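Colleague: Need coordinates for the below:
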Amino acid sequence: MNDTLTLNKLEKLLEMETQIRAEYKPQLEEKDASIAQLSAEKATLETKIADMEKTIATQLATITELSGKSKDTSSLEQRNRELHNRSENMKEEVASVKSRIKSLQKDLASERAELAELKKYDPQRLRKNLDASKKKLADKTKAADKLQKSLNQVRSENAELEQKIKDLEAKLEAIEAERADQADEGQQAAA
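Modeller: Now for the predicted structure:
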């Protein structure tokens, strides 16, 4: 009975798993596509960062070169301030891109963990276990049927033996009663 309940639970679990997979498959595919897109964006952003850093280095070299060559220090200082502001803006942009990359990496890790959790419920393995459980249940059912038949046979033999014992006890009482009657008749005849 417990095996049947367990078997039913396994079948329901498989049905639930199939429903869950069907329900979450589009979301998983969407998240996989989102992860791929985010990875591509990350690569693009890293390339932009490298380009920006090269640009900053080039601009700093240009500033240094211009400061040595320029006669007009005020215009050079103005350019210097502008370039410095631009480089600060670029640094801030790089910092924000790096923080976005970190958050995207965290999202990717959580999505991978969720995907790994869903892959734990492998329907083929569950079906294989279910088939093995069904086979064990069938074997146990056959063994229980054989034991029940054997028990019924032993009970019927026991009932027959008990009836024979009762019959023999009744015969023994009849024989003892007959002997007692003969002994009384023998005593009365002797008297």
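Colleague: to the chain's geometric centre, what's the distance from the helix or strand containing residue 57?
Modeller: In the assignment (DSSP states H and E), residue 57 maps to helix 2-69. From the chain centre to the centre of helix 2-69 is a distance of 24 Å (CA atoms, centre = their mean, to the nearest Å).
Colleague: pLDDT on that helix, on average?
Modeller: For helix 2-69, the mean pLDDT works out to 82.
Colleague: Stretch 141-149 now?
Modeller: The predicted model assigns stretch 141-149 a mean pLDDT of 92.
Colleague: Just the CA coordinates for that stretch, please, in PDB.
Modeller: What follows is stretch 141-149 as a C-alpha-only set of coordinates in PDB (Å, rounded to 0.1, in the frame of the first residue of the first chain):
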ATOM      1  CA  THR A 141       3.000  -8.000  -4.500                       C
ATOM      2  CA  LYS A 142       3.800 -11.500  -6.000                       C
ATOM      3  CA  ALA A 143       5.600 -12.500  -2.800                       C
ATOM      4  CA  ALA A 144       2.700 -11.200  -0.600                       C
ATOM      5  CA  ASP A 145       0.200 -13.200  -2.700                       C
ATOM      6  CA  LYS A 146       2.300 -16.400  -2.300                       C
ATOM      7  CA  LEU A 147       2.600 -15.800   1.500                       C
ATOM      8  CA  GLN A 148      -1.200 -15.200   1.700                       C
ATOM      9  CA  LYS A 149      -1.900 -18.400  -0.200                       C
END
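Colleague: Show me what counts as buried in that stretch.
Modeller: By neighbour count on 16 or more other CB atoms under 10 Å, the buried set for stretch 141-149 is empty. Placement of C-beta: from N, CA and C, glycine included.
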